[in-house]
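Colleague: Sequence plus the predicted model coming up.
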Amino acid sequence: MPKLILIVSSLDTKGKEVKFLKELIEQRGHKTVLLDMSTRGEPQIRADIPCEEIAKAGGTSIQEIRTSAKSRSEITSIMIEGAIRKVIELYQTGHLDGIVGVGGVSNTAMGTDVMKALPFGVPKLMVSSGAAMPSYAGGFFGSSDMAILSSVVDMAGLHELSKSVLTRAAGAICGMVECSCGPVLDSLRRTDRLLIALTQFQYSEVCGELIRQFLEEQGYTVIPCHADGVGDRAMEKLLNQGIFDGVVDIVPGGLSEQLLGGNRAAGLDRLEAAGKRGIPQVLTPCGFDMISCGPLARKDRGDPLWISRNLACRNYFVQDAYRVQAKTSVEERRMIAKAVAEKLNLARGPVTFLIPLRGWSSLSVEEQPLYDPEADRIFIGELRKQLKPEVEIREVDIHLNTPEFARAVVEALEAMMKEKAGKY
Amino acid sequence: MKKQLLIMTTLDTKGREAAYVKDCAKKLGIHPIVMDVGTLGEPLTHPDITRVEVVEAAGYRLEHILKEKNRSIAFQAVQEGGTILAKELYEKGKLHGVFGMGGGTGTAIVTHVMRSLPFGLPKVVLSTVASRDIKEYIGTKDIVMFHSVADILGFNEFIRLMLAQAAYAICGMIERGSVIEKGKPMIAATAYGINSACAIQAEPLLQKRGYEMIAFHANGCGGMAMEEFIAQGLVTGVLDLTLHEIADEMFGGYCKGIGPMRLETAGRFGIPLVLAPGGLDNAVFSPYYPMPPQLQGRKIHSHDIRFCVRMGPEEMKQFARIIGEKLNRSRGPAYILIPKKGWSDADKAGMELFDPKTDQILVEELKKIITSDIPIEEMDVHISDPAFALRAVDLLDQMIRSHRP
């Protein structure tokens, strides 16, 4: 069955390249929709969704875009907003099976922003000559499941090399839409096993691995999400899409990283999605004991984070030249507890907060550099003060990375899952 | 013969995933070859190329690696061995695409192998660490990087979906073929932001003479990509108009990242080369690429958050030595063309970095170093002057016509 592939690019400069790609996709038997993101000139080929419509959907007109004194970044955000509206509309009415973008850095920034608005599982491919630019790629991917084809050569002009790249791009996106078996939610939902999201990182490895094993033994499907500020951010998004039935948030540290300015910052809306969906969630304080502040070279470079938080005077753990974890202070623990409580108090579903009293991560057990039971206690006190009574806080007198604690986590989740199932 | 897909991953942790990709490929009529690049534990699925074969290809012994428990040696062994075996398959015409997956380590191993394979051969990697700086992983190669979002750990519907999409993508690419059709002869040119006018003017001039131009952005990655294209035999002549990367490499600037082969490949393969010192008047810095203290007090031209810092007499001499020594080794014709009125938009009459006297130091030094068979011609124009592009194109065209390799 032919599928619908949306091609997004600026047709005032990339007309020839897009036309070449479009024809290849159509030769394969699929249909294409051209969406034009041009902001400067007339398109070189006819668009199915012209830039006029995009500007209008963004709340202005293309004349305004071309002639106004607005800054470049304002103009692109208007076009992105307009394009997202159009694309979501197409997706929701069943007129979009995959999306492919073509261009340099500007087109990549716009194209990938549009792609990020589409749910997980919809094939997304960006053909980009800017993919290898240092410090850009992270932003392009965000927490989305896209693929980026690094074109190496500039996507300017049709020659043997750009044609070779576009030919492979056509092959890739066609392959991707041909494999996709309808909306992802449906395909995930086709399974009768319950899906549980599990956050983890290396300092909770033993605990995470045991939990995964125990849950799988109980018949759950576990989706591990790396709590590095990307995987956990992605989990929040997927939670909003309604994919999961429960969350084991072993490492909610992405929230404290966000508040303190650490490397694993996972966004200010971290810890919200599960509560909004009303699904059962178990949390631990793992990750609240530390702030990710590497590379170590920042220490002597007068880095703002190191200076403002006076990290050099704290205990910290150096894994290698890049990965450094400093201990969070008593004051910071209070602030984190407050923020956590604010989020969890909004939860519409059951929440259990489990605290391992002998260390929240492998770095904060006795004799490890982040060991600080006093600070841990202050966090617990503050959390108890701030949390609504419906949220259960349970203290367990062992450390996080033990079978007993993992067992306690699984039991807490199971109890909530059963109770919830019983209600319906 | 069916087309063949090499599937590379660490089978001690990603066995089920590899088996799944293998099944996808078979379903699509592609013959899979599974290579195990894991060394820590037993493979969870049967490989076609075992870890023993991989490490031995690079001259290591698996027993030693396991005994030593040295991760970095294990890592090096599979990288080297995997590369040797993959190249062998490719050279025998038995390789039509490469698929790899992994976390940080796995991604590093499989992309290392991919970077050793030519442009045009389909390459897909499914990675948990895509959302990082991927420059070091993809380098100068046409790799498709899939972001797995969730960890590739535990086998579930979620991961199956990502695996299927990536597997279908590589198979779709393979079906399309990976041969680059030779059309018009191609000329490689270098440009960057403040020295792009020359390349832009050169393009139509080259087209009129029957060539096609490919521009490479001299940002630390583009220059190296060009060198690889030359090595792959895709290029007939080179207009190396932007040498700026040499300055940034020296001072850790924004466009650093070139390797020792920069400026050398055309000479090594005897490809005609016209060279101009575009952008050597400055090094570029930004908050992420801070200016070293020894450049304090130099003249500055600000771009956006990036700024260009004037290079002085001492650097001019060093640049001349680097360029001179590299060009002297050329086996093909080379020609140095110097614009005397400035080398970039910042080094132009009326601009902050305009300083023809300092620029001239490089020229005089070059004259001392360069051997007599490489002409140095000076023109009394700015590098962006149309006359300069025209002269560069005419020279290259003549060199290509009279040069019989």
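Modeller: Nice, I can see it.
Colleague: Get me the contact residues on the stretch 201-350 of chain A for chain B.
Modeller: When proximity is defined by CB under 8 Å from any CB of the partner chain, the stretch 201-350 of chain A lies next to chain B at A:212, A:216, A:221-226, A:230-231, A:234, A:238, A:243. Any C-beta I mention is one placed from the backbone N, CA and C, and that applies to glycine too.
Colleague: would you turn those residues into CSV with secondary structure, pLDDT and neighbour count?
Modeller: Shown next, in CSV, are these (DSSP: H, G, I helix; E, B strand; the rest coil; pLDDT from 0 to 100; neighbours: other CB atoms under 10 Å in any protein chain shown):
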residue, secondary structure, pLDDT, neighbour count
A:R212, helix, 92, 22
A:E216, helix, 89, 16
A:T221, strand, 85, 20
A:V222, strand, 88, 23
A:I223, strand, 85, 26
A:P224, strand, 85, 27
A:C225, strand, 85, 29
A:H226, strand, 84, 25
A:V230, coil, 78, 25
A:G231, helix, 81, 28
A:A234, helix, 82, 24
A:L238, helix, 83, 26
A:I243, coil, 81, 22
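Colleague: And the residue of chain B that's closest to chain A?
Modeller: Relative to chain A, the nearest point of chain B is B:G172 (2.5 Å; CB to the nearest CB).
Colleague: who's in contact with the residue lying closest to that residue once chain neighbours are set aside?
Modeller: Spatial nearest neighbour of B:G172, excluding adjacent residues (CB to CB, 6 or more residues apart in numbering or on different chains): A:G175 at 2.5 Å. By CB atoms under 8 Å, 6 or more residues apart in numbering or on different chains, the residues touching A:G175 are B:L28, B:Y168, B:A169, B:I170, B:C171, B:G172, B:M173, B:E175.
Colleague: Then B:R306?
Modeller: Contacts for B:R306 were tallied using CB under 8 Å, 6+ apart; they are B:Y254, B:V284, B:F285, B:S286.
Colleague: thinking again about what came up before, for the helix or strand where the residue of chain B closest to chain A lies, what is the average pLDDT?
Modeller: Using DSSP states H and E, B:G172 sits within helix B:157-175. Across helix B:157-175, the average pLDDT comes to 90.
Colleague: and the angle from that helix to strand A:221-226?
Modeller: Helix B:157-175 runs at 70 degrees relative to strand A:221-226, counting by axes from the mean of the first three to the mean of the last three CA atoms, to 10 degrees.
Colleague: Report the backbone C-alpha coordinates of stretch A:46-64 in CSV.
Modeller: C-alpha atoms of stretch A:46-64 as CSV (Å, rounded to 0.1, in the frame of the first residue of the first chain):
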residue,chain,number,x,y,z
ARG,A,46,5.6,24.0,-6.7
ALA,A,47,4.9,23.1,-3.1
ASP,A,48,1.8,21.2,-1.9
ILE,A,49,1.8,23.2,1.3
PRO,A,50,3.3,26.6,0.2
CYS,A,51,5.2,28.9,2.5
GLU,A,52,2.3,31.3,2.4
GLU,A,53,0.2,28.7,4.2
ILE,A,54,2.9,28.0,6.7
ALA,A,55,3.4,31.7,7.6
LYS,A,56,-0.4,32.0,7.9
ALA,A,57,-0.6,29.0,10.2
GLY,A,58,2.2,30.7,12.2
GLY,A,59,0.0,33.7,12.7
THR,A,60,1.4,36.1,10.1
SER,A,61,1.8,36.4,6.3
ILE,A,62,4.7,35.6,4.0
GLN,A,63,5.0,39.2,3.0
GLU,A,64,5.4,40.1,6.6
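Colleague: Tell me the spatial nearest neighbour of residue 253, not counting adjacent residues.
Modeller: Using chain A here. Leaving aside its chain neighbours, A:G253 sits nearest to A:G287 (1.8 Å; criterion: CB to CB, 6+ apart).
Colleague: actually it's chain B I care about, not the one you picked
Modeller: B:A283 (4.4 Å).
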